[in-house]
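**Student:** This is a predicted model, with the sequence first.
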Amino acid sequence: MPYVSDIKALTQKIKKFRDDRDWLQFHNHKDMALSLVLEAAEVLEHFQWKKPEEVETHARKCKTEIAEELADVAMYLLELADNLGINLSEAIELKLHKNAQKYPIKKARGCAKKYTQL
């Protein structure tokens with residue numbers, strides 16, 4: 001199966017899947033945002049109650065299942081952005097630029113503090 005790596009092309013495949021099933025009627029902004037959070041929680045569930053030394057082993061062992069949950073998150077994210085008329089590539093670029101201003105390399109390198117604490 002050929003894989004698509006372009007955000008726009010992936011979004012089109014997701015929309016075709018949705019539209020072939022007549023699901024747009026259920027994909028309002030609130031429910032899409034809710035579904036995004038629920039799927040993200042399913043990713044988190046893989047690591048819940050794991051000791052730090054157990055996380056890496058679990059991630060390797062359950063890579064396929066985690067990948068499926070991450071795919072669910074990504075699909076809801078891409079569709080929600082499209083439904084809202086947000087160019088996600090542009091939004092990411094703008095956010096990276098904004099974060100670069102908030103977290104200059106000289107202050108933030110190797111530091112996990114929030115930008116207000118740098």
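**Tutor:** All right, it came through fine.
**Student:** if you count residues, which helix in the chain comes out on top?
**Tutor:** Ranked by number of residues, the top helix in the chain under DSSP state H is helix 63-83.
**Student:** Can you name the residues in contact with the helix or strand that comes right after that one?
**Tutor:** Going down the chain from helix 63-83, the next helix or strand is helix 88-102, by DSSP states H and E. Contact with helix 88-102 is made by 7-8, 11, 77-78, 81-82, 115, as judged by Cβ atoms under 8 Å, 6 or more residues apart in numbering. Every residue, glycine included, has its C-beta placed from N, CA and C.
**Student:** From those, list just the buried residues.
**Tutor:** For the contacts of helix 88-102, a neighbour count by 16 or more other Cβ atoms under 10 Å gives the buried set as 7, 11, 77-78, 81-82.
**Student:** from those, which is closest to Val43?
**Tutor:** Leu77 (12.3 Å; Cβ to Cβ).
**Student:** Any idea how many residues pack against the residue lying closest to the closest one once chain neighbours are set aside?
**Tutor:** Closest residue to Leu77 apart from its sequence neighbours, by Cβ to Cβ, 6 or more residues apart in numbering: Leu36 at 5.9 Å. Using other Cβ atoms under 10 Å, the number of residues around Leu36 comes to 18.
**Student:** Enumerate the positions of the helix or strand where Leu36 lies that are buried.
**Tutor:** Secondary structure from DSSP H and E places Leu36 in helix 29-45. For helix 29-45, the neighbour count (16+ other Cβ under 10 Å) marks 32, 35-36, 39-40, 43 as buried.
**Student:** what's the most distant pair in those residues?
**Tutor:** Using Cβ to Cβ, the two most remote members of these are Met32 and Val43, lying 17.0 Å apart.
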